[in-house]
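S.K.: Structure for this input, please:
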Amino acid sequence: MKTSEIQIRDPFILVHNGKYYLYGSGRRNGSEKCGFDVVTSTDLENWSEPKTIFEQNDNFWADKDYWAPEVHEYEGKFYLFASFKSEKRHRGTQIMVCDTPDGRFEPITEFPVTPENWECLDGTLFIEDDKPYIVFCHEWTQIGDGTICAMQLSDDLKEAVGEPFELLKASELPNVKSLGAESGNYITDGPFFYRCTNGKLVMLWSSFKPVYGYIQTAAVSSDGTLKGKWTHTHPDIYTNDGGHGMIFTDLNGELRLSLHSPNGGFEVAKFLHIKEEDGIISIIDK
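M.R.: Below is the predicted model:
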């Protein structure tokens, strides 16, 4: 399969042992069950047949909205962070584990690690001072003005060891577009972190702006930590109806931005060359 033939949202790349592993929202193996697949490549253009890494079953609580899988290598294993929902429980980020990046992942807890009474999505792993944190979106569908929050986890990632704290509100993005019929509804989507060469901590995230539609933007921490003041001094990175991005270093040692575009219709992954200078991330090719 070619990259242009794979319909996918929220594309996440793991680089491991000379190979690219691509995860994202949307099944590719033809199964009618909710689940996640992975495809692999050595050139970001030609991909293997999809392999199932998790699938809906009678022992799992969620039966819809299997979204935005990310796989992180942590403490010698591979951990999948993804969003799930059912009619009986709020949307939340569940963490799963496997010994390999393309094996069958198993939940490490019965239910999501995000707050039970919150609508949450797009959890990602961030390590600060050797302590693991989950950073996630508190969804606009519940609170109107969506937020991005962080919460410290236990070393085994099985439970929260601190209260969630807010990093930013969607309305803090300049010229953010309101969603729905009522004003005041603003979306936060897809947080991901990148440490710049000058030490700045940049958080990628996505929302909507007039004219541009879905965008890839970024916020910067005032002191390089999660609890710093997050401001939008960083220019928007991608404004062509695409987003939910993450950054990886390719097999040639070059920085890439992975995101999906367009945001509606036949979404495909784009692996854009980027550069980082003085804490500013910008696209080289489009």
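S.K.: So the residue most central in space within the chain: helix, strand or coil?
M.R.: With distances taken as CA atoms, centre = their mean, residue 190 lies nearest the centre of the chain, 4.2 Å away. With DSSP: H, G, I helix; E, B strand; the rest coil as the basis, residue 190 sits in strand.
S.K.: ok, it to residue 63 distance?
M.R.: From residue 190 across to residue 63, the span is 23 Å (CB to CB, to the nearest Å). C-beta here means a position set from N, CA and C on the backbone, and glycine is covered the same way.
S.K.: ok so, going back, surely the residue nearest to the centre of the chain meets residue 205?
M.R.: Yes - counting by CB atoms under 8 Å, residue 190 touches residue 205, with 5.8 Å between them.
S.K.: And the helices in the stretch 151-286 of the chain?
M.R.: Listed in chain order, the stretch 151-286 of the chain contains no helices at all (DSSP state H, counting those that start in this stretch).
S.K.: Could I get the full set of strands for it?
M.R.: Taking DSSP state E, counting those that start in this stretch, the strands of the stretch 151-286 of the chain run over residues 165-169, 189-195, 201-209, 213-221, 230-231, 243-249, 255-261, 268-277, 280-283.
S.K.: Dump those strands to JSON lines, plus distance to residue 156 and mean pLDDT.
M.R.: Output for the strands of the stretch 151-286 of the chain, formatted as JSON lines (distance: least, CB to CB, whole Å; pLDDT from 0 to 100):
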{"stretch": "strand 165-169", "distance to residue 156": "21", "mean pLDDT": "98"}
{"stretch": "strand 189-195", "distance to residue 156": "21", "mean pLDDT": "98"}
{"stretch": "strand 201-209", "distance to residue 156": "25", "mean pLDDT": "97"}
{"stretch": "strand 213-221", "distance to residue 156": "27", "mean pLDDT": "97"}
{"stretch": "strand 230-231", "distance to residue 156": "28", "mean pLDDT": "98"}
{"stretch": "strand 243-249", "distance to residue 156": "24", "mean pLDDT": "98"}
{"stretch": "strand 255-261", "distance to residue 156": "28", "mean pLDDT": "98"}
{"stretch": "strand 268-277", "distance to residue 156": "32", "mean pLDDT": "96"}
{"stretch": "strand 280-283", "distance to residue 156": "32", "mean pLDDT": "96"}
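S.K.: Lovely, talk soon.
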